[in-house]
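[1] I would like to see how this sequence folds:
(one chain, ligands or ions: 1)
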Amino acid sequence: MLAHFAADLHGDWDKYHLSGQYAAQEKPRVLILGGDNFPRANPGQNVVDVQTTFVRQLLRDFLVTLRDDSPDTKVLLVNGNTDVPETNLDLTALEREGLLTVIDFTRARVDDLDFVGYPRVNPGVSAFKHHEMRDLLADPYIPGDSRSRGDHSIEVDLQRSTFTENPKNTVCVFHAPPYDTNLDLLYAGEHVGSKAIRQFIETHQPWVTLHGHVHEAARYSGSFAHILGNSLCLTSGNEMHTPYLYVVSADLNARRARRIRFI
Ligand SMILES: [Zn+2]
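    Coordinates of the predicted model:
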C-alpha cells in the first residue's frame, strides 16, 4: 500500500499545494497528515478563528481537489499540539462529506492495514500545549494541567486496546516521536521525544510508526528512520520558515520508504 505522510505543515498553503500535486501524480492509497496541521496565529489574531477558517476553506479546497485528482486516496488526519480542539466540529463536517477521517484515538482500516492516531505530546518547550500530557505515569504532575491529575499520562493512554491490538497489521501515527532516536533530536544534541511512546513501540512492536513534532530531527540526526526491535519508525521532518516540503512516500506492506523534498 502506497502512503504519503507529512506532519508539521502548520497551515503553510504552498506545502499543502505541493503535497496535493505529488499525490495527484503518485495516487497513494492513503495520505496522512501527522499533526500541527493548521496555522499559528499572528499577533492580534485569534488562533481559534484562524484555524477554523483554515479548515473550512483551505483544507476543504485541498481535500476536494485531491478527491478529484485521486479519488481512491483516503486522507487520514491526526492532530498535534498546535492544533486547537475547537476545529473538531469543522473536521467532523469534512468527515461527513467523506473528505477525510480523523484517527485521533480511533482505529481505521484501509485495505489490509489498520491505522490509529495519537495527538498528545510529552511536556516540552513549545508554548502550544493543546495536546500536551504527562509522559510516564511516574513523572511529576504538570502544574496547571488538570489532565495530568490521577493516572492520566501518555503511558496509560497507550495501554488501551485501540492502540495495542493487531500490532503486526497496524500503522501508528503519533504526533510525538519516541525518545532517544533519530526522530527526536534537537540542535543541541538533546533528545526530547516521549519515553512512553518509545516504551509502547518496544513492548507492542507495531508494523510501522509515523511521527512529527520535532521538525529538525531528521536534519540533525541525518536520518528520517529508526528501527526499534521489529518496528520501523519514520518522520517527515518539515521545518517552518523554509520553503521545502518533505513527504515520506512509503510502501507500507513492504516497509520501504523514501523522504522526498519539494520546493
Ligand atoms: Zn508539534
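
[2] how close does the one residue sitting closest to the centre of the chain sit to His204?
    The centre of the chain sits closest to Gly34, judged by Cα atoms, centre = their mean, with a distance of 2.0 Å. Applying Cβ to Cβ, to the nearest Å, the value for Gly34 to His204 is 19 Å. In this view, the C-beta of every residue, glycine as well, is placed from N, C-alpha and C.

[3] and Ser249, how many neighbours does it have?
    Residues within reach of Ser249, counting by other Cβ atoms under 10 Å, total 18.

[4] please apply the same query to Gln205.
    15.

[5] and it, what pLDDT?
    On the pLDDT scale, Gln205 is placed at 98.

[6] gap between it and Asn166?
    From Gln205 across to Asn166, the span is 11 Å (Cβ to Cβ).

[7] contacts for stretch 78-93?
    Stretch 78-93 has contacts (Cβ atoms under 8 Å, 6 or more residues apart in numbering) with 7-8, 10, 32-38, 40, 47-48, 51-52, 55-56, 77, 100, 102-104, 117-121, 126, 128-132, 173-175, 212-213.

[8] close to the ion as well: tell me which of the residues you listed qualify.
    Counting by Cβ under 5 Å from the ion, 36, 213 from the contacts of stretch 78-93 sit close to the ion.

[9] so how do I select the buried members of the contacts of stretch 78-93 in ChimeraX?
    In ChimeraX, a selection of the buried entries from those looks like this (16 or more other Cβ atoms under 10 Å):
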select :7,8,10,32,33,34,35,36,37,38,47,51,52,55,77,100,102,103,104,117,118,119,120,121,128,130,131,132,173,174,175,212,213
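
[10] would you put the C-alpha positions of the worst-scoring helix or strand of the chain on mean pLDDT in CSV?
    When the helices and strands of the chain are compared on mean pLDDT, DSSP states H and E, helix 217-221 comes out lowest with a mean of 91. Extracted C-alpha coordinates of helix 217-221, given in CSV (Å, rounded to 0.1, in the frame of the first residue of the first chain):
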residue,chain,number,x,y,z
ALA,A,217,15.3,15.9,14.0
ALA,A,218,15.9,14.3,10.5
ARG,A,219,18.4,17.1,9.6
TYR,A,220,20.4,16.8,12.8
SER,A,221,20.4,13.0,13.1
